[in-house]
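> Fold the following and give me the result.
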Amino acid sequence: MIAPCYLVHGGEPVQTDEIISSISHLANKSGYNNKVVFETNTSFNWEELLNKCQSLDLFADRTLLELRLHSDTVNKQGTKILEQILQQQDATFCIIIRAPKLKAQTLNSPWAVYIQRK
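Residues are numbered from 1 along each chain as shown. Next comes the predicted model:
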C-alpha cells in the first residue's frame, strides 16, 4: 500500500533518485498513472501548487505529485501552503517532497512533522 505523502531528503542524489524511483514505481502499480512535477526556486509560485492540488477531482485519474525543493528551508508562504495541502489531501493524489538535507528547523515544521507521523 502506498502512503499519501513522502519526504525524501538527504545529501546523496543517487540514493534519493533510487528512493523516488521506487516510490514512483509503487505508485504506478497502485493506479497513480499521472505524474506532475513542481520545481521550487526563489520565484516559485506556491499558490500554483495549491491550485493544482485543489483542482484534482475524485473522478480523475490518480496523480503522483513530486515537489522538488532546491533549498534546505521553506519560506513562510510555502510552509503555510504545504500544511494546507497535506491536511486537505485525499486518495486522488500522492505527494513526494524531494529536498536536499533539511535543517532541523525545517524538519520540525508542522508540515514535515505531519508527514513523519503518516
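> looking at it, Ala91 is touching Pro4, isn't it?
Yes. Here Ala91 lies in contact with Pro4, judged by C-beta atoms under 8 Å, at a distance of 7.5 Å. From N, CA and C alone the C-beta is placed, and that goes for glycine too.
> Phi and psi next, for Arg68.
Note on Arg68: its backbone torsions stand at phi -100, psi 110 [degrees, to the nearest 10].
> residues contacting it?
Applying C-beta atoms under 8 Å, 6 or more residues apart in numbering to Arg68 gives the contacts 37-40, 98-99.
> One more pass at 10 Å, please.
20, 37-41, 96-99 (C-beta atoms under 10 Å, 6 or more residues apart in numbering).
> ditto for Asn41
Asn41 is in contact with 68-71, counting by C-beta under 10 Å, 6+ apart.
> Quick check on these: which are buried?
Buried members of those, counted by 16 or more other C-beta atoms under 10 Å: 69, 71.
> Grab the two from the contacts of Asn41 that are most spread out in space.
Spatially, the most separated pair among the contacts of Asn41 is Arg68 and Ser71, at 10.5 Å (C-beta to C-beta).
> Give me the common contacts of these two.
Shared contacts of Arg68 and Ser71, defined by C-beta under 10 Å, 6+ apart, comprise 40-41, 99.
> now, which of those residues sits nearest Glu48?
The closest of the shared contacts of Arg68 and Ser71 to Glu48 turns out to be Thr40 (C-beta to C-beta; 10.8 Å).
> where does the closest one fall, phi/psi-wise?
Main-chain torsions, Thr40, degrees, to the nearest 10: phi -90, psi 150.
> Could I get the buried residue list for the longest helix along the chain?
Ranked by residue count, the top helix of the chain under DSSP state H comes out as helix 13-29. Residues of helix 13-29 classed as buried: 16, 19-20, 23-24, 27 (neighbour count, 16+ other C-beta under 10 Å).
> go on, stretch 73-88?
Going by neighbour count (16+ other C-beta under 10 Å), the buried part of stretch 73-88 is 74, 78-79, 81-83, 85-86.
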